[in-house]
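Student: Fold the following for me, if possible:
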Amino acid sequence: MGAAARILTVAGTATILLAAPGSFAMAKDKDPPATPPQVQQVYACRDVADTAARLACFDRQVSALQQAEQARDITMFDRAAAQKARRGLFGFTLRDLPFLGGDDEDEPALRLDTTVKWARRYDMDKLRFEIEDGAVWAQTDQTVLPRDPKPGDKVLIYPGAMGSYFAEIGGQKRVRVRRER
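Tutor: I've put the predicted structure just below:
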């Protein structure tokens, strides 16, 4: 199979990811990836003329597909799981991986509207904070906020220019931030 990741969308909502451990395709090609051989073998069963032989082919190939999934050679997830993963990766460049639907036109503009779990000052009045999903963000500019954010304060995080992000916390002025984890 090689070191590249292969993706297949089934029936418009389910996605199958086949990847060598630790490897991911980073190309932003608009062409859909090639159908993985394991899936092509399942499709090929449709062409078997004899009913009994066709059923045996499907049984054999679906069993092989299930074994590959159990061995974690193949991962399957639906659109909702991809959207959840994409939201969890907001702020990291990996969110644009094709199997997470990084160019999905159904998605609204990328913005995170959430709440602060905790916030602390560090490094000469900069701010570090965690949001409700566990992501930790750190301020990268020298803007001083008039008051410290408190748990439960609303925070809006959105992309800026050239890969940067901004956060508006508790209705205060925006600060430039980067995701730490």
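
Student: Buried residues, the helix or strand that contains residue 66. List them.
Tutor: In this assignment (DSSP states H and E), residue 66 forms part of helix 51-70. The neighbour-count check on helix 51-70 (16 or more other Cβ atoms under 10 Å) flags 57, 61, 65, 68 as buried. Every residue, glycine included, has its C-beta placed from N, CA and C.

Student: For beta bridges, what are the partners of residue 155?
Tutor: Beta-bridge partners of residue 155, counted by DSSP bridges, are residue 114, residue 169.

Student: could we number from 24 for the rest of this?
Tutor: Taking 24 as the first residue, the last one we looked at is residue 178.

Student: Around it, how many other residues sit close by?
Tutor: Neighbourhood size, residue 178 [other Cβ atoms under 10 Å]: 23.

Student: So it versus residue 83, what's the distance?
Tutor: To residue 83, residue 178 is 52 Å away according to Cβ to Cβ, to the nearest Å.

Student: Residue 58 now?
Tutor: Taking Cβ to Cβ, one finds residue 58 at 18 Å from residue 83.

Student: can you give me the strands in this structure?
Tutor: In the chain, the strands defined using DSSP state E lie at 29-33, 37-41, 97-101, 135-145, 149-154, 159-162, 177-182, 188-192, 198-202.

Student: Cheers, nothing more for now.
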